[in-house]
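Participant: have a look at this prediction, sequence included:
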Amino acid sequence: MEEIKYKPIGIIHTPFKYTTDVPIQPIAGKGISGSIELKAEVIPCTKDLDGFSHIFLIYHLHLSSGFKTQVIPFMDDTLRGVFATRAPRRPNPIGISLVRLKKIENNILFIEDLDMVDNTPLLDIKPYAPIMDARETSRIGWLEDKIDKVYEMRADDRFKGEEG
């Protein structure tokens, strides 16, 4: 398979200068504000986006280097396959977060509920639509008895020895 290359469409600005300051998931970053500075050529892509309260951000985990096939996740003490976690050290360091869209002014999107470090390169935006995106789940694997911890954890507790 040939190499795939993407160009950022903008930069995500957050109050988090270091990965150790970042909440472990957007739900743990509830109420934390930031913005997205879009490149001029993609401004027309935001037409009608302001009608959505939430958007998915797809971004490059630019501070992550290399990957591990197995990691000890932030809320566990057992080695897990990286695809069964949300660890940043992945074969392709791509992040996805569901954030609240507050408003759009020219090339700036104002967002809340953040879990990414400042100056994160943005690759794409997709609107969140509960009727299409929300699913009832019957199982959530090893997270079943740990999911409540997400609200109290920060990045520095995440990877128990793995640098984010």
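Facilitator: Great, that's in hand. Residues are numbered from 1 along each chain as shown.

Participant: all strands for the chain, in order.
Facilitator: Secondary structure of the chain by DSSP state E: the strands cover 10-13, 33-38, 54-60, 70-71, 80-81, 94-105, 108-112, 120-127.

Participant: each with direction, which strands does the first one pair with?
Facilitator: If you go by DSSP bridges, strand 10-13 pairs up with strand 33-38 (antiparallel), strand 120-127 (antiparallel).

Participant: not counting sequence-adjacent ones, nearest residue to Ala87?
Facilitator: Excluding the flanking residues, the one nearest Ala87 by C-beta to C-beta, 6 or more residues apart in numbering is Val71, at 4.5 Å. All C-beta spots, glycine's among them, are computed from the backbone N, C-alpha and C.

Participant: surely His54 and Ser97 touch.
Facilitator: No. Contact between His54 and Ser97 fails when scored by C-beta atoms under 8 Å: they sit 10.2 Å apart.

Participant: quick one, which of the two is more surrounded?
Facilitator: Ranked by neighbour count (other C-beta atoms under 10 Å), His54 and Ser97 place Ser97 first, with 21 against 17.

Participant: quick one: contacts for the more buried one?
Facilitator: 25-26, 56-57, 59, 114-116 (C-beta atoms under 8 Å, 6 or more residues apart in numbering).

Participant: Gly141 too?
Facilitator: Residues near Gly141 by C-beta under 8 Å, 6+ apart: Ala84.
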